[in-house]
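Undergrad: Got a sequence here, can you model it:
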Amino acid sequence: MRIGELAERAGTSTRTLRYYESRGLLPARRDANGYRAYDEDDLRLLRQIRTLQDFGFDLEETRPFVECLRAGHPAGDSCPASLAVYRRKLTELDGLIGRLTDVREQVAGQLAEAEAARPRCEMTG
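TA: Have a look, this model is predicted:
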């Protein structure tokens, strides 16, 4: 398939596909007349990248998953490098959750103080 069809099927733009190609995530194959040529495996790579990005992975973090698929594994997360990225991402998310929990507790404390000491506010809006 050509780049436009791949972009449509993957739900992205041709510009994005060219960018992925420039980053080495999408193969740069050309057919006899010079057009970029893609197949179902390339669509599978793109779906893996998009899913990971939807989960908050940056583009470079998707590389081990793409390489795992390219190596012939049925799933991009069946290789040790992919599992290591999952572990790092979970550690990062746990840290974010911890910080958000702290902020939530502070905001809840401020609200409780404000409600306990609040004067009657005559403003309506």
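Undergrad: The most centrally placed residue in the chain: which element?
TA: Centroid-nearest residue in the chain: residue 53, 1.1 Å away (criterion: CA atoms, centre = their mean). In this structure, residue 53 sits in helix 40-54 according to DSSP states H and E.
Undergrad: Please state the offset of the helix or strand following that helix from the chain centre?
TA: Sequence order places helix 63-70 as the next helix or strand after helix 40-54, per DSSP H and E. For helix 63-70, the distance from its own C-alpha centre to the chain's C-alpha centre is 14 Å (CA atoms, centre = their mean, to the nearest Å).
Undergrad: Remind me what helix 63-70 packs against, helices and strands.
TA: If you count contacts as 3 or more CB pairs under 8 Å, 6 or more residues apart in numbering; DSSP states H and E, helix 63-70 packs onto helix 40-54, helix 80-117. Quick note: C-beta positions are derived from backbone N, CA and C, even for glycine.
Undergrad: Please point out which parts of it sit buried.
TA: Of all the residues in helix 63-70, those buried under the rule 16 or more other CB atoms under 10 Å are 63-69.
Undergrad: can you check stretch 26-46 too?
TA: Within stretch 26-46, the residues scored as buried using 16+ other CB under 10 Å are 26, 36-38, 42, 44-46.
Undergrad: Tally up the residues packed near residue 52, please.
TA: Neighbour count of residue 52, defined by other CB atoms under 10 Å: 23.
Undergrad: That one against residue 61, yeah?
TA: Yes: between residue 52 and residue 61 there is a contact at 6.8 Å, judged by CB atoms under 8 Å.
Undergrad: now what about stretch 50-65, what contacts it?
TA: By CB atoms under 8 Å, 6 or more residues apart in numbering, the surrounding residues in contact with stretch 50-65 are 10-12, 20, 23, 25, 48-49, 76-77, 79, 81-82, 84-85, 89, 93.
Undergrad: still on that earlier bit, taking the helices and strands packed on helix 63-70 together, which one is wrapped up most tightly?
TA: Among the helices and strands packed on helix 63-70, helix 40-54 has the highest mean neighbour count (mean count of other CB atoms under 10 Å), at a mean of 17.
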